[in-house]
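Enquirer: Test case, fold it:
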Amino acid sequence: MALGRKLRYGMVGGGPGALIGAVHRAAAALDGEIELVSGAFSSDAQRSREQGAALYLDPGRVYDSFDRMAEAEASLPEDERIDFVSIVTPNHLHFDVARAFLVAGFHVVCDKPLTNTVPDAEALCRLVGERGVVFALTHNYTGYPMVKEARSLVREGRLGEVRKVVVEYPQGWLATLLEASGHKQAEWRTDPERAGVSSALADIGSHADNLARYVTGLELEELCADVSTLVPGRRMEDDAGVLVHYGGGARGILYASQVSVGEENDLRLRVYGTDAALDWRQEAPDYLLLKYPDRPAERLSRGNAYLSPESRHASRLPPGHPEGFIEAFANIYRSAGRCMGAAIADEDPDPLDTDFPTVQDGARGVHFIHRAIESGRQQTWVNAAYTPPK
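Expert: Numbering: from 1, shown residues only. Next up is the predicted model:
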């Protein structure tokens, strides 16, 4: 690394029993380039201290609140303070936590969605630009090597002109009123006060939208969404289908559902061009199908020398040794971390390390969520074109 040392980070959220916090910690540690040194793991001070103790952190670096953490870490000497913060709280806290650490001068890694409102997302974009810091958003599916290969194939023109994009993300874990049983993850994801304007579209639909945009490079022009609540008693949507018009004339279909019984985490992307098509599934992430109109399909396999530099850069193991969810997360942490290290050392990063979702990707995602919910409520097509904030 440019710094000649590990990057130091602190975490906000991810307390006892939190799934995604443990995933982030495992991913950040995977390559041995980043170490956790501080945290405000819960809004409950005792639970925060319990998590800090479980992670063997210095008790003096485990805080009762994120604002106290930002202030205290900024006051430490440069060779002790954190380099960045990882935000793994429920959605409604993302903006306040990110703003506090950006104002204090820290780089940021944040879970998706970026914020609950479009104005808050745009405010973070402006603040990141003003501070000149690295801001990574963990749309982790972009970290898979074969997703990067798919993107490379589209960029090289191997598919010809893209005509059709089909992206689906079915889950079945919310097929019953699970939130009524006290299930922590279900409770906050279906609570408008914490989840924001959307549940299923914010939780998994935003991943589907981001994946399609990442691979194809296409931007939304307009969309028409059917947004439904299919489980009686639920306060937010749990199923959505979206028709999409992309710039350049391509058409798309996006399906996001958390009530599809029997499904686990079957995110799938198909892109159809004038010359070829591609097909990738998250539940079999090491493989990418490339289909042709006049010859048998090719099955491309992760880790091989025939793949693009971007795909090979994102692989750690030889072919046939499965890589997955943690490694995809780790690719975002490694790339963002190396860019942070380069920024701290006043050096230019390796171009291959600049390939990770940014605050602007986060703002696009929030924009998509709100336009889709608006369309669903009005039952009509809406303008979905995104204009970056100035």
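
Enquirer: Next, count neighbours for the closest residue to Leu223 other than its chain neighbours.
Expert: The shortest distance from Leu223 to any non-neighbouring residue, by Cβ to Cβ, 6 or more residues apart in numbering, is to Ala384 (4.6 Å). In this view, the C-beta of every residue, glycine as well, is placed from N, C-alpha and C. Counted with other Cβ atoms under 10 Å, residues neighbouring Ala384 total 25.

Enquirer: how close does the nearest residue to Gly17 once chain neighbours are set aside get to Ala18?
Expert: Distances taken as Cβ to Cβ, 6+ apart place Lys184 nearest to Gly17, at 6.6 Å, with adjacent residues excluded. Separation of Lys184 from Ala18 (Cβ to Cβ, to the nearest Å): 8 Å.

Enquirer: how long is stretch 41-48 end to end?
Expert: One end of stretch 41-48 sits 5 Å from the other (Cα to Cα, to the nearest Å).

Enquirer: Can you pull out the residues in contact with that stretch?
Expert: 11-16, 18, 21, 39-40, 51-52, 62-65 (Cβ atoms under 8 Å, 6 or more residues apart in numbering).

Enquirer: chain center to that stretch: distance?
Expert: 25 Å (Cα atoms, centre = their mean, to the nearest Å).

Enquirer: next one: stretch 378-390
Expert: Per Cα atoms, centre = their mean, the centroid offset for stretch 378-390 relative to its chain is 21 Å.

Enquirer: gap between the two ends of that stretch?
Expert: Using Cα to Cα, one end of stretch 378-390 lies 29 Å from the other.

Enquirer: What residues of it count as buried?
Expert: Val382, Ala384, Tyr386 (16 or more other Cβ atoms under 10 Å).

Enquirer: Report the mean confidence score over whichever strand or helix holds Gln360.
Expert: Under the criterion of DSSP states H and E, Gln360 resides in helix 359-378. Helix 359-378 carries an average pLDDT of 98.

Enquirer: Quick check: what element follows it along the chain?
Expert: strand 382-383.

Enquirer: Name the residues that touch that following strand?
Expert: With Cβ under 8 Å, 6+ apart, strand 382-383 has contacts from Glu221, Glu222, Leu223, Cys224, Arg371, Glu374, Ser375.

Enquirer: mind listing the helices for the stretch 1-150 of the chain?
Expert: 19-29, 45-54, 66-75, 94-103, 118-131, 145-155 (DSSP state H, counting those that start in this stretch).

Enquirer: buried residues in the longest one?
Expert: Residues of helix 118-131 classed as buried by neighbour count (16+ other Cβ under 10 Å): Val118, Asp120, Ala121, Glu122, Ala123, Leu124, Cys125, Leu127, Val128, Arg131.

Enquirer: Return the member of those residues nearest to Arg5.
Expert: Lowest distance from Arg5 to these (Cβ to Cβ) belongs to Arg131, with 22.4 Å.

Enquirer: which residues of the chain fall in strands?
Expert: 7-13, 34-40, 84-88, 107-110, 135-137, 162-170, 220-228, 239-246, 251-257, 268-273, 277-281, 287-291, 298-301, 382-383 (DSSP state E).

Enquirer: In terms of pLDDT, where does the residue of the chain most remote from its centre sit?
Expert: For the chain, the largest distance from the centre (Cα atoms, centre = their mean) belongs to Asp294, which lies 36.5 Å off. In this model, Asp294 is scored at 96, pLDDT.

Enquirer: quick one on the thing from earlier: export the buried residues of helix 118-131 to CSV and tack on distance to Gly217?
Expert: Output for those, formatted as CSV (distance: Cβ to Cβ, whole Å):
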residue, distance to Gly217
Val118, 23
Asp120, 26
Ala121, 21
Glu122, 22
Ala123, 26
Leu124, 23
Cys125, 20
Leu127, 26
Val128, 22
Arg131, 28
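
Enquirer: Serialize those to a markdown table and add fields for pLDDT and distance to Val165.
Expert: Formatted as a markdown table, the buried residues of helix 118-131 follow (pLDDT from 0 to 100; distance: Cβ to Cβ, whole Å):
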| residue | pLDDT | distance to Val165 |
| --- | --- | --- |
| Val118 | 97 | 23 |
| Asp120 | 98 | 28 |
| Ala121 | 98 | 23 |
| Glu122 | 97 | 26 |
| Ala123 | 98 | 30 |
| Leu124 | 98 | 27 |
| Cys125 | 98 | 25 |
| Leu127 | 97 | 32 |
| Val128 | 97 | 28 |
| Arg131 | 96 | 35 |
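
Enquirer: For Arg371, which non-adjacent residue is closest in space?
Expert: Of all residues not flanking Arg371 in the chain, Ala384 sits nearest, at 4.5 Å (Cβ to Cβ, 6+ apart).

Enquirer: For that neighbour, give its distance to Gly320.
Expert: According to Cβ to Cβ, Ala384 and Gly320 sit 41 Å apart.

Enquirer: So Lys184 and Ala18 - more neighbours on which side?
Expert: Shown here are Lys184 and Ala18; by other Cβ under 10 Å, Ala18 has more neighbours (20 against 12).

Enquirer: Contact partners for the more buried one?
Expert: Phe41, Val88, Lys184.

Enquirer: Next one, pLDDT for the last one please.
Expert: Which is Lys184. The per-residue pLDDT of Lys184 was computed as 90.

Enquirer: related to what we said a few turns ago, and the strands of the chain as CSV, adding mean pLDDT?
Expert: Compiled in CSV, the strands of the chain are given as follows (pLDDT from 0 to 100):
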stretch, mean pLDDT
strand 7-13, 98
strand 34-40, 98
strand 84-88, 98
strand 107-110, 98
strand 135-137, 98
strand 162-170, 98
strand 220-228, 98
strand 239-246, 98
strand 251-257, 98
strand 268-273, 98
strand 277-281, 98
strand 287-291, 98
strand 298-301, 98
strand 382-383, 98
